[in-house]
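Colleague: Kindly generate the corresponding structure for this input.
(2 chains)
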Amino acid sequence: KAGVTQTPRYLIKTRGQQVTLSCSPISGHRSVSWYQQTPGQGLQFLFEYFSETQRNKGNFPGRFSGRQFSNSRSEMNVSTLELGDSALYLCASSYDFFNTGELFFGEGSRLTVL
Amino acid sequence: GENVEQHPSTLSVQEGDSAVIKCTYSDSASNYFPWYKQELGKRPQLIIDIRSNVGEKKDQRIAVTLNKTAKHFSLHITETQPEDSAVYFCAASKGDDKIIFGKGTRLHILP
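Modeller: Presented below is the predicted three-dimensional model:
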């Protein structure tokens, strides 16, 4: 069974630009969630999508957005990039709600904002 | 909103000794508490989880305890080995709501 795949793995952007990250979940998983990982803040929940609908959202500004397609693949977008957006962005897939079981993480997309 | 605090942020133990990492949560409705291990440069992976109707769960050298009254849960690793060196994250969730992670504990196993 293929794992969670994230693309691109690494990217460098400059302030003010926008970026789109992609996540392909494990086949059969309907929930995709996104996290920002930084050294000081750990794993911070961005949002979660289920059946193409945003089901939950973390405390991030509106510059962070996402969507999910009918095949469960998900994208997240960050507009007007700031230096503080530099981080590892992880996505995870699961069959259903967070308390039903394991989250399967991708390897992440490392974003550097210059 | 829900908050999860994790301590310590860094922990060094001699190989063979035990390690304990503690987390507290604020939302009494939380009912699922997983622990994830992230080795350097790798993705987080679930190592053990516990639900609110259970007080303790063990899996070989790893155990998790939950005190619902005090709203805290702990990860216990016995007979630590070099491959236990990693960052460990606790988390709390209550189902159809966001999942909140602690800030992580970097565990060093000393030879």
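
Colleague: Could you tell me which residues make contact with the spatially most central residue of chain A?
Modeller: Most central residue of chain A, judged by C-alpha distance to the mean C-alpha position with C-alpha atoms, centre = their mean, is A:W34 at 3.1 Å. The contact partners of A:W34, by C-beta atoms under 8 Å, 6 or more residues apart in numbering or on different chains, come to A:23, A:45-48, A:66, A:74, A:76, A:89-92. Backbone N, C-alpha and C define where each C-beta goes, glycine included.

Colleague: What of A:C23?
Modeller: A:C23 sits in contact with A:4-6, A:32, A:34, A:73-76, A:91, A:93, A:106, where contact means C-beta under 8 Å, 6+ apart.

Colleague: What of B:V54?
Modeller: Applying C-beta under 8 Å, 6+ apart to B:V54 gives the contacts B:L66.

Colleague: at 10 Å what do you get?
Modeller: Applying C-beta atoms under 10 Å, 6 or more residues apart in numbering or on different chains, we find B:V54 in contact with B:33, B:64-66.

Colleague: Present these as CSV; the columns should include pLDDT, neighbour count and secondary structure.
Modeller: Conversion of the contacts of B:V54 to CSV gives the following (pLDDT from 0 to 100; neighbours: other C-beta atoms under 10 Å in any protein chain shown; DSSP: H, G, I helix; E, B strand; the rest coil):
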residue, pLDDT, neighbour count, secondary structure
B:F33, 95, 25, strand
B:V64, 98, 24, strand
B:T65, 97, 17, strand
B:L66, 97, 21, strand
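
Colleague: For chain A, tell me which of those residues show up nearby.
Modeller: The overlap between the contacts of B:V54 and the neighbourhood of chain A (criterion: C-beta under 10 Å from any C-beta of the partner chain) consists of B:F33.

Colleague: and chain A, which of its residues are near chain B?
Modeller: Within chain A, the residues that sit near chain B (C-beta under 10 Å from any C-beta) are A:3-4, A:6, A:33, A:35, A:37-48, A:50, A:55-59, A:88, A:90, A:92, A:94, A:96-108.

Colleague: Any regions of chain B where pLDDT drops low?
Modeller: Along chain B, the parts satisfying pLDDT under 70 run over B:1.

Colleague: now do 90
Modeller: Segments of chain B classed as low confidence (criterion: pLDDT under 90) are B:1-2, B:52-54, B:94-99.

Colleague: likewise chain A?
Modeller: Along chain A, the model assigns pLDDT under 90 to residues A:1-2, A:39-42, A:55-56, A:95-102.

Colleague: hang on, the residue nearest to the centre of chain A in a helix?
Modeller: No: when the secondary structure is assigned by DSSP: H, G, I helix; E, B strand; the rest coil, A:W34 falls in strand instead of a helix.
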